[in-house]
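K.L.:
fold the following.
(2 chains)
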Protein chains: 2
Amino acid sequence: MSLLNSGSRFLYDQVFDLVVGQIRAGSLQPGDRLPSLRRMSSQLKVSVATVMQGYVSLEQEGFIDAKPQSGYYVRLDSHDHTELPNPTTPQSIARDVRLEGLSQQMMALARSNLAVPLALANLAAELLPGKALCRILHRVANRDSARVLDYMDCQGDAELRRQIAYRASKQGVLVDPEQIIITNGATEALALSLRSLTKLGDTVAVESPAYFSLLQLIEEFGLKAVEIPSHPRDGLDVDQFEKVIKRLNVKALVCISNFNNPYGSLMPDKAKQRLVELANARDVRIIEDDIYGDLHFGTHRPRPISSFDQSGNVVTCSSFSKTLAPGFRVGWLIADRGRAEMLSRKYTVSIANSSITQMAVIEFLANGGYDRHLRNLRRRLQIHVMRMRNELAKTFPTGTRISEPQGGFVLWVELPGNVDVNKILERSLAQGISFLPGSLFTATGKYQNCMRISCGNSWTSEIQAGISRLAKTVLGCC
Amino acid sequence: MSLLNSGSRFLYDQVFDLVVGQIRAGSLQPGDRLPSLRRMSSQLKVSVATVMQGYVSLEQEGFIDAKPQSGYYVRLDSHDHTELPNPTTPQSIARDVRLEGLSQQMMALARSNLAVPLALANLAAELLPGKALCRILHRVANRDSARVLDYMDCQGDAELRRQIAYRASKQGVLVDPEQIIITNGATEALALSLRSLTKLGDTVAVESPAYFSLLQLIEEFGLKAVEIPSHPRDGLDVDQFEKVIKRLNVKALVCISNFNNPYGSLMPDKAKQRLVELANARDVRIIEDDIYGDLHFGTHRPRPISSFDQSGNVVTCSSFSKTLAPGFRVGWLIADRGRAEMLSRKYTVSIANSSITQMAVIEFLANGGYDRHLRNLRRRLQIHVMRMRNELAKTFPTGTRISEPQGGFVLWVELPGNVDVNKILERSLAQGISFLPGSLFTATGKYQNCMRISCGNSWTSEIQAGISRLAKTVLGCC
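P.N.:
Here you go, the predicted structure:
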């Protein structure tokens, strides 16, 4: 009975997913009639009741309208018409970064037990394969307790590196497992790369807005940041990047080209290719954070920047923290030039990573569990992100612009006018609702009217009610 | 049957341990007659055969002699007469540290699969509570899989910090759990402390010889090291330390006062007290690595330096890597002044530690397993260290000096004459025997005639044969 239920829920979501996908792809246009219940039922080989459930849900979410005696139609006033945020235009000068109190603020948010937590880019427990991983932890511990207790190789388990190399090969990157270093999450990967490829006082280019952890690392290592104009759909403005590296002595670029956090952008392949050519010509090192790449909503995983580079100039950092288990602290970097120094530094500051979590990830990758989980997770996140975007579009003031990411699970929201988002945050925290203010994602002092909203939670009535309350607070401050 | 065997071996070790303890404490003097087999058997409530086994083993190890028709006597030419290494007399000037290739060398040693590995200060699997910990890992994963997968608080689990604070209180240190930060082993604790309490170019005092990881961190952060003369029994020469801090602007002292690695020394309480007073008077910060403190052979755990400080000047770093499970990567620091910066830095470079290993350690501490394990481990390590020292004393050239640590599990061996230990290392590695050359433990270029020998393995005939081979190589090079 419970199996049947979960089965039929899965299929109802599939109906939802299919129709929304067609609407987004444009094969179903506003005003188009949907296939009849009976036809859809025979096409998908599911019951008419299941299709019905899916259509009702699509109607509730505002994607379609039911016309009595006629059928279901794609809604004309789809919230997909909400505009994207404006491309950013930071002044591209080399600046010191000062993020006083940011770590404390983030740690406090992580500790807070809010009813509607939309601040941190964490996945809710129900989206993660807790039971499967814990079964594997048990097996691994039983099988080789001596290995679980012992130091792991500083570079990380060889089989884990082999599997990561194999996955990279499917993304068009030929990687020798020797080029991989397992790290304490992607953050340590970024820290080791940035520290090893730069010297005190060097200038590092970042997208604008930039992931706050990148800015923190730039501050930690005494570097300067130059923020590059970026586009909410296509990411880093490569023309602007070219101008900047001609004008300034830029040592490295650190960027998130696949489903940027916080901007949601995805750099087209051509832009990635040109970026690599420009960087190589001027000896600017590229460090990419590809942590969201596996969370694509489209059929194909976007390529990492490194797949366009033959020269060993690009370091790719990633982890399983956004897809599997942040508490495992299993991340990695893939590097060619400069790798020996990164590994030596890893040994110096932390010797090795936890053993058991690496051993468990190996098994989850090997038995196909990870890929199965990813397929399901991507589908669910796409729905969460779309529902959140629709809800924000419905409830937030006219003129609000919202990113439309094709992967990942954060939204960048640009409010109209001169509203101060920090004031909104203060009030919404008092109501048990969190988000991140845009000002955290720049050293320029800009983006005071922007916010980052995480869609890492399941969509619930609490979340929906929270968005309504948040919208009221926003309206009150505009 | 196998239970019985392991039981009787345990008791035979106890007999060995007891007699050796009495010899070392002086209650049994060279030439003294040991209790008869029958008397010992009834005192210890073990069989006569077990006592016999213990006595034979004592004889084999050179502690006692059997006199026919008379009994067993403490040997007159006990190897306890082997002298301690000479106190060190480094030139105490501030130097840059250059340890090129050291990390690579250590990683290669860790990867090598040698028959007689005496290089790394790791405990062999049979000395660690693998089964008990893996049972706990299973329980923990079953009980709260969501927590296992999720990010842990950056500062570390609150209950774990509470338990560490409780253990510190038993060592005479009043610690608020808020003062504790859980780290990726003691190495990350040392890295965070040193980085946060110093600035580029600052001078840091260390004992001489100094643990190579401390020297690596000093190099990593662009600091200068000043090495302080030290004594093989009493550790850091506090008079010399006083002179140095009057002469040089020393920002911090990093030291291992309890069972120094590699020197084996233990600072007396009075010296610790005076050290704290001197450091506080001149605002020299103290960072202590207390990782070996729990491995005392005597009845009392030595006090950490911090127990003599009321001013918040001392940071204590430690971990469970030398007592429980290095692969868990559970270390910590206890700090007062400067703690906020350390925590913020931890967030910046690694966000958090692995969750499941923290959760497992909590349970092992709470159920008393850790203390039971420690009692057993201390006893076994004492025997390993004594046997190794005896064996080295018996087989190495006359004039060899060997440390006599009262805890921990490394020996510092000073060879007579101008022998070059690196040549010995090269030859012994080819024979499957490793150790660390003394030159790794200084930036002065000294200690070329010294070696560090780890006693973290069970005493086996392979190890004993390895020592004989090593001794031959040493003799060949002297």
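K.L.:
where in the stretch 1-150 of chain A is pLDDT low?
P.N.:
Scanning the stretch 1-150 of chain A with the threshold set as pLDDT under 70 gives A:1-10, A:30, A:76-80.
K.L.:
how about the residues of the stretch 301-450 of chain A by chain B?
P.N.:
The stretch 301-450 of chain A comes close to chain B at residues A:321, A:324-329, A:340, A:343-345, A:347-357, as judged by Cβ under 8 Å from any Cβ of the partner chain. No exception for glycine: its C-beta is placed from N, CA and C like everyone else's.
K.L.:
quick check on those residues: which are buried?
P.N.:
By neighbour count, with 16 or more other Cβ atoms under 10 Å in any protein chain shown, those hold A:321, A:324-329, A:343-345, A:347-357 as buried.
K.L.:
from the residues you listed, which land in helices?
P.N.:
If you go by DSSP state H, those have A:343-345, A:347-350, A:355-357 in helices.
K.L.:
farthest pair within those residues?
P.N.:
Taking Cβ to Cβ, the two most distant members of those are A:Ser344 and A:Ile356; they sit 25.1 Å apart.
K.L.:
got a list of what the residue most central in space within chain A touches?
P.N.:
Relative to the mean C-alpha position of chain A, the nearest C-alpha, by Cα atoms, centre = their mean, is the one of A:Gly408, at 3.4 Å. Going by Cβ atoms under 8 Å, 6 or more residues apart in numbering or on different chains, A:Gly408 touches A:258-261, A:264, A:292, A:295, A:322, A:381, A:385.
K.L.:
now do A:Gly222
P.N.:
A:200-201.
K.L.:
read off the pLDDT value for it.
P.N.:
For A:Gly222, the model assigns a pLDDT of 97.
K.L.:
re earlier: ramachandran coordinates for the residue nearest to the centre of chain A?
P.N.:
Torsion angles at A:Gly408 (phi, psi; degrees, to the nearest 10) stand at phi 80, psi -160.
K.L.:
and for A:Trp412?
P.N.:
Note on A:Trp412: its backbone torsions stand at phi -110, psi 120 [degrees, to the nearest 10].
K.L.:
ignoring the adjacent residues along the chain, who's closest to A:Ala366?
P.N.:
Nearest residue to A:Ala366, sequence neighbours excluded (Cβ to Cβ, 6 or more residues apart in numbering or on different chains): A:Gln163, at 6.8 Å.
K.L.:
so which strand or helix has that neighbour?
P.N.:
A:Gln163 belongs to helix A:158-170 when assigned by DSSP states H and E.
K.L.:
check which element follows that helix along the chain.
P.N.:
Counting by DSSP H and E, the next helix or strand C-terminal to helix A:158-170 is strand A:180-183.
K.L.:
got a list of contacts for that next one?
P.N.:
Against strand A:180-183 from outside (Cβ under 8 Å, 6+ apart): A:152, A:155-157, A:160-161, A:164-165, A:189, A:192, A:317, A:319, A:330-335, A:339, A:342-343, A:346, A:353, A:358.
K.L.:
how about the residue located most distally from the centre of chain A, secondary structure?
P.N.:
Computed with Cα atoms, centre = their mean, the residue of chain A farthest from its C-alpha average is A:Gln69, at 43.0 Å. Three-state assignment for A:Gln69 (DSSP: H, G, I helix; E, B strand; the rest coil): coil.
K.L.:
state the distance from it to chain B.
P.N.:
Distance, A:Gln69 to chain B, using Cβ to the nearest Cβ, to the nearest Å: 48 Å.
K.L.:
quick one, phi psi at that residue?
P.N.:
Dihedral angles of A:Gln69 (phi, psi; degrees, to the nearest 10) stand at phi 60, psi 10.
K.L.:
A:Ala443 contacts A:Arg98, doesn't it?
P.N.:
Yes - using Cβ atoms under 8 Å, A:Ala443 is in contact with A:Arg98, at 7.4 Å.
K.L.:
what about these two, which has more around it?
P.N.:
A:Ala443 (23 against 10; other Cβ atoms under 10 Å in any protein chain shown).
K.L.:
which residues does A:Gly466 contact?
P.N.:
Counting by Cβ under 8 Å, 6+ apart, A:Gly466 makes contact with A:115-116, A:118, A:431-433.
K.L.:
in strands only, show me the residues you listed.
P.N.:
Judged by DSSP state E, the contacts of A:Gly466 include A:116, A:433 as members of strands.
K.L.:
in stretch A:308-318, which residues are buried?
P.N.:
Of all the residues in stretch A:308-318, those buried under the rule 16+ other Cβ under 10 Å are A:308-309, A:313-318.
K.L.:
check which residues of the longest helix that chain A contains are buried.
P.N.:
Looking across chain A with DSSP H, the single longest helix is helix A:369-395. For helix A:369-395, a neighbour-count test (16+ other Cβ under 10 Å) marks A:369-370, A:373-374, A:377-393, A:395 as buried.
K.L.:
same deal with stretch A:422-430?
P.N.:
Going by neighbour count (16+ other Cβ under 10 Å), the buried part of stretch A:422-430 is A:424-425, A:427-429.
K.L.:
can you pull out the residues in contact with it?
P.N.:
A:112, A:114, A:434-435, A:437, A:439, A:448, A:451, A:469-470, A:473-474, A:476-477.
K.L.:
break down the stretch 1-150 of chain A into its helices, ranges please.
P.N.:
Secondary structure of the stretch 1-150 of chain A by DSSP state H, counting those that start in this stretch: the helices cover A:2-25, A:37-44, A:48-60, A:102-111, A:130-143, A:145-149.
K.L.:
highest average neighbour count across these?
P.N.:
Ranked by mean neighbour count, these are led by helix A:145-149 with a mean of 21 (mean count of other Cβ atoms under 10 Å in any protein chain shown).
K.L.:
burial count for the nearest residue to A:Cys450 once chain neighbours are set aside?
P.N.:
In this structure, A:Cys450 finds its nearest non-sequential neighbour in A:Gly438, 2.8 Å apart by Cβ to Cβ, 6+ apart. Neighbour count of A:Gly438, defined by other Cβ under 10 Å: 23.
K.L.:
wait, A:Gly438 sits on A:Pro209?
P.N.:
Yes - counting by Cβ under 8 Å, A:Gly438 does reach A:Pro209; the two are 6.6 Å apart.
K.L.:
overlap in contacts of those two?
P.N.:
Shared contacts of A:Gly438 and A:Pro209 (Cβ under 8 Å, 6+ apart): A:262, A:412, A:447, A:450.
K.L.:
which one of the residues you listed is nearest to chain B?
P.N.:
Taking Cβ to the nearest Cβ as the measure, chain B lies nearest A:Pro262 of those, at 17.0 Å.
K.L.:
now name the helix or strand holding that closest one.
P.N.:
Here A:Pro262 is assigned to no helix or strand, by DSSP H and E.
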